[in-house]
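K.L.:
When you get a sec, could you give me coordinates for this:
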Amino acid sequence: MAANYQRADFSPLRDGIYGVAAHWTTWTAPASGTPRAFPDAVAHFDVPGFVKDIVATGASHAAITLSHALQWLPCPHPVVEKILPGRTCRRDLVGEIADALASEGVKLMLYYHHDLDAPDLDPEWRRATGADEPGRHRFYQNLCGILKYLGEQYGKRTMAYWFDAGWALAADPKCPWADITAAAKAGNPDRLVTYNASIDSLNFLTEYQDYFAGETEGFDLVPNGPVGPGGLPWHCYGTWYRARATAAWGIEVGNENFPRVPPTPDTVVEWIEKYRAVGGAVTLNALIHQEGRLYPPDIAVMRGVKERLR
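P.N.:
Numbers count the residues shown, from 1 in each chain. Alright, predicted model coming up:
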């Protein structure tokens, strides 16, 4: 382990055993009607309904998506506004969700995707951040500024980060891991940080993280020893659907009618117990509609999990 880095306490995740994530983005489709523009969708997001659904699953923590697809944050953010005006929202949806979850004893994890791995996804954002400039100095400064503001704004209200596309950062030998992690812990030094190494990957990317990211589809990734890669605590962020890029992680415009068959609660419990046996934890992705309500069949599965584990 890096001599100057002390891993944060994993017990808030370990003791909770499992949480539920919602992949809610600029692409998320409504349950009915015409999709709203993203700021309008943020303004109409049903926070009480969302929290009610999370509580029904028995989750000890909930993960929400700050950014994926377009870089458009569901909250005010002066740093983002300076980088690319118009890519924030007036409503502080993150803060409202954090407070509402806390009132139910549920901790909040934040999912963040920097888009460095997707050159064609949001070219306007890449130009604004300097993602394609030699050395990427401006990109890393912008990334740290974004994370530092979020950390200071939400403080103890956010207990963990799950950073997607860690492999894209690892491809740069000069990636300032220590600076990024320090920025992510602004406002809460106990905030857990991890970097995703890709689906079903056991690659160890950096010492500057606190737990294993563990992305998987269909329960394929399971612990292969007492500790995870690099000695990290075992954790898995998984979806039980397998159709990559079409319907596995979200109900998006264009895939609303894609067939989705959830597993039985017993299948989910069996998988969770493999992580529990090594002192790990899991975050299970549940589908969500643009209105802010979880997909009813997924809730039904998690109700069964709750009955068996809670």
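K.L.:
so how many other residues sit close to residue 124?
P.N.:
By other CB atoms under 10 Å, the residues close to residue 124 number 11. (C-beta placed from N, C-alpha, C; glycine too.)
K.L.:
The helix or strand harbouring it packs against which elements?
P.N.:
Per DSSP states H and E: residue 124 is located in helix 123-129. Applying 3 or more CB pairs under 8 Å, 6 or more residues apart in numbering; DSSP states H and E, one finds that helix 123-129 makes contact with helix 137-154.
K.L.:
can you tell me the average pLDDT over the helix it packs on?
P.N.:
For helix 137-154, the mean pLDDT works out to 98.
K.L.:
in it, what's buried?
P.N.:
139-140, 142-151, 153-154 (16 or more other CB atoms under 10 Å).
K.L.:
Name the residues that touch the following helix or strand past it?
P.N.:
Per DSSP H and E, the first helix or strand lying C-terminal to helix 137-154 is strand 160-163. Contacts to strand 160-163, defined as CB atoms under 8 Å, 6 or more residues apart in numbering, come from residues 12-13, 61, 63, 107, 109-114, 147, 184, 191-196, 211, 213, 237, 283.
K.L.:
buried subset of those residues?
P.N.:
12-13, 61, 63, 107, 109-114, 147, 184, 191-196, 211, 213, 237, 283.
K.L.:
Can you flag which of these belong to strands?
P.N.:
When DSSP state E is applied, those are split such that 61, 63, 107, 109-112, 192-195, 237, 283 fall in strands.
K.L.:
Which members of the residues you listed define the maximum pairwise distance?
P.N.:
Using CB to CB, these reach their maximum pairwise distance at 107 and 195, which is 19.8 Å.
K.L.:
List just the nearest of the buried residues of helix 137-154 to residue 48.
P.N.:
residue 154 (19.7 Å).
K.L.:
Now do the contacts for the closest one.
P.N.:
94-95, 98, 108, 187-188.
K.L.:
element containing the nearest residue to residue 190 once chain neighbours are set aside?
P.N.:
Counting by CB to CB, 6 or more residues apart in numbering, residue 190 lies nearest to residue 8, which is 5.3 Å off, once chain neighbours are set aside. According to DSSP H and E, residue 8 maps onto no helix or strand at all.
K.L.:
what stretches of the stretch 201-310 of the chain score poorly on pLDDT?
P.N.:
243-246 (pLDDT under 70).
K.L.:
where along it do the helices fall?
P.N.:
265-276, 296-309 (DSSP state H, counting those that start in this stretch).
K.L.:
quick revisit: looking at the contacts of residue 154, which is nearest residue 302?
P.N.:
Looking across those and measuring by CB to CB, the closest to residue 302 is residue 108, at 17.5 Å.
K.L.:
what's the closest non-adjacent residue to residue 222?
P.N.:
Distance criterion CB to CB, 6+ apart; nearest residue to residue 222, sequence neighbours excluded, is residue 274 at 4.9 Å.
K.L.:
How many residues are close by the one you found?
P.N.:
Counted with other CB under 10 Å, residue 274 comes out at 16.
K.L.:
Go ahead and confirm it touches residue 221.
P.N.:
No - in this structure, residue 274 is not within contact of residue 221 by CB atoms under 8 Å, at 9.7 Å.
K.L.:
Can you check the pLDDT for the spatially most central residue of the chain?
P.N.:
With the centre of the chain defined as its mean C-alpha position, the nearest residue by CA atoms, centre = their mean is residue 111, 2.4 Å away. Turning to residue 111, the model gives it a pLDDT of 98.
K.L.:
and what of the one 10 residues further on?
P.N.:
Looking at residue 121, its pLDDT reads 91.
K.L.:
cool, residue 77 as well?
P.N.:
98.
K.L.:
Could I get the contacting residues of it?
P.N.:
88, 146, 149-150.
K.L.:
and the nearest residue to residue 279 once chain neighbours are set aside, how many neighbours?
P.N.:
Excluding the flanking residues, the one nearest residue 279 by CB to CB, 6+ apart is residue 14, at 5.6 Å. Using other CB under 10 Å, residue 14 has 19 other residues around it.
K.L.:
Then residue 170?
P.N.:
Neighbours of residue 170 (other CB under 10 Å): 17.
K.L.:
do the one 10 residues further on as well
P.N.:
Around residue 180 there are 24 other residues, counting by other CB under 10 Å.
K.L.:
I figured it hits residue 146, correct?
P.N.:
No - with contact defined as CB under 8 Å, residue 180 does not reach residue 146; the gap is 10.3 Å.
K.L.:
still on that earlier bit, now, the contacts of residue 154 that are in strands?
P.N.:
Checked against DSSP E, these include these in strands: residue 108.
K.L.:
Tell me how far stretch 106-114 lies from the chain's centre.
P.N.:
Centroid separation for stretch 106-114 versus its chain: 4 Å, with CA atoms, centre = their mean, to the nearest Å.
K.L.:
what's in contact with that stretch?
P.N.:
12, 16, 19, 21, 23, 51, 54-55, 59-68, 94, 97-98, 101-102, 143, 147, 150, 154, 157-165, 168-169, 283.
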